[in-house]
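> Fold the following and give me the result.
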Amino acid sequence: MQGEALKGHLDLLLLAAVEHRPSHGYAIVETLRQRSRGAFNLTEGTLYPALHRLEHAGWVASSWSDQNGRRRRVYELTDRGRERLAERQREWRAFALAVNHTVEGLA
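The predicted structure is shown next:
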């Protein structure tokens, strides 16, 4: 599931992926892949521009970390990011409920 289906939800997914612990890019991709049971497999060309956008918005902060001799940029939620994540989760729940009711023909 990529492209148009992912569009509009990427920020929510990335914020959720770093909610509990700071993570570098590859770990974020793996978190999304595992949580989605393989449905989300982001490329670097999708991931890093989105992370930079989230950082510019003040929702994530990044810092450099050295692990096993490798220097990696690590991303974590800011307080503003936690607020944005909670807001987007509420929006998602309302949207998903409306779509489910529409698709399933529920009143």
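
> What segments of this protein are strands?
Ranges of strands in the chain, per DSSP state E, are 23-24, 60-67, 70-77.

> so residue 40 sits right up against residue 30, yeah?
No: contact criterion CB atoms under 8 Å: residue 40 and residue 30 do not qualify, at 10.5 Å. Every residue, glycine included, has its C-beta placed from N, CA and C.

> Specify which residue of these two has the higher count of neighbours.
A direct count of neighbours by other CB atoms under 10 Å for residue 40 and residue 30 places residue 40 higher, at 21 against 14.

> so who does the residue nearest in space to the middle of the chain touch?
Note on the chain: the residue nearest the mean C-alpha position is residue 14, at 1.1 Å, using CA atoms, centre = their mean. Residue 14 makes contact with 28, 32, 47, 50-51, 54, 60, according to CB atoms under 8 Å, 6 or more residues apart in numbering.
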